[in-house]
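S.K.: test case, fold it:
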Amino acid sequence: MQLKIEWRSDGKLWVSKDNTDTPVQARCCFPWSKSKSYISLRDKEDNEVALVEDLTDLDETSREALELALIEAGFVMEITGVISLKEDFEIRSWHVETCQGKRHFQTKLDDWPQSLPGGGLLIRDVAGDLFHIEDPHSLDESSRKLIWAFVS
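M.R.: Numbering: from 1, shown residues only. Sure, this is the predicted structure:
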C-alpha cells in the first residue's frame, strides 16, 4: 500500500490510499519521544485512515507535507528550568523557562509527569499541551529541588 500525503488548495492535509482520498489530521502516538515514528492520520470522525510507522518510509513530498502538519498540530515545549511550582486546591501551577521563553501552565494535582524510557519527563497540562524535560538531573539546582518528587 503506497500512501500519498499532500496539502491541497482547501488548506487541508489529504491522504490518498487505495484509490480513496481523505482529508486527515496528524496525531503523534506514544511514545512522544519518537516524534518521527508512529503517526496516526485521522479523518473528521477521528477514525484512523493510516498509520505512518516511520517518516523515512514516505516519499519526499509526502514526508514534507506530514512534517508540516505535525508542526501545525502542535509541538512539545522543552523545559529548560523551573521557576516556581505551586500546589493549590486540585491544581498544580507551573512557571517554567522553555526554549520558546517563559510559560505558565497548570496540571491537575493528581496528574503526575510521565517518566519516559530515556529518562526524561513528559507533562500534559489541563489544555492538553505537552511539556518535556529531557534530563531532569541536568537542570539547575533550584529547578531540581522543585521537581524532586517527580524524578526517580
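
S.K.: packing partners of the longest helix along the chain?
M.R.: Across the chain, the longest stretch assigned as helix under DSSP state H is helix 60-73. Other elements packing on helix 60-73 under the criterion 3 or more Cβ pairs under 8 Å, 6 or more residues apart in numbering; DSSP states H and E are strand 4-7, strand 13-17, strand 20-28. In this view, the C-beta of every residue, glycine as well, is placed from N, C-alpha and C.

S.K.: pull out the buried positions in it.
M.R.: Within helix 60-73, the residues scored as buried using 16 or more other Cβ atoms under 10 Å are 62, 63, 65, 66, 67, 69, 70.

S.K.: which phi and psi does the residue nearest to the second one when sequence neighbours are not counted have?
M.R.: Leaving out its chain neighbours, the residue that sits closest to residue 63 by Cβ to Cβ, 6 or more residues apart in numbering is residue 55, at 5.2 Å. Residue 55 adopts backbone torsions of phi -60, psi -30, taken as degrees, to the nearest 10.

S.K.: number the residues from 14 up from this point.
M.R.: With the count now opening at 14, the last piece we talked about shows up as residue 68.

S.K.: contacts only, for residue 68.
M.R.: Taking Cβ atoms under 8 Å, 6 or more residues apart in numbering, we find residue 68 in contact with 49, 50, 52, 76, 79, 80.

S.K.: same check, this time on residue 95
M.R.: When contacts are counted by Cβ under 8 Å, 6+ apart, residue 95 touches 107, 108, 109, 110, 152, 155, 156, 159, 160.

S.K.: JSON lines for those, including secondary structure?
M.R.: Below are these laid out as JSON lines (DSSP: H, G, I helix; E, B strand; the rest coil):
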{"residue": "107", "secondary structure": "strand"}
{"residue": "108", "secondary structure": "strand"}
{"residue": "109", "secondary structure": "strand"}
{"residue": "110", "secondary structure": "strand"}
{"residue": "152", "secondary structure": "coil"}
{"residue": "155", "secondary structure": "helix"}
{"residue": "156", "secondary structure": "helix"}
{"residue": "159", "secondary structure": "helix"}
{"residue": "160", "secondary structure": "coil"}
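
S.K.: list buried residues within these.
M.R.: Listed as buried from these are 107, 109, 110, 152, 156, 159, 160; burial here means 16+ other Cβ under 10 Å.

S.K.: just the angle for the strand ranked longest in the chain relative to strand 33-41, thanks.
M.R.: Criterion DSSP state E: the longest strand present in the chain is strand 89-101. Interaxial angle, strand 89-101 versus strand 33-41 (axes from the mean of the first three to the mean of the last three Cα atoms, to 10 degrees): 50 degrees.

S.K.: right, I'll call it a day here.
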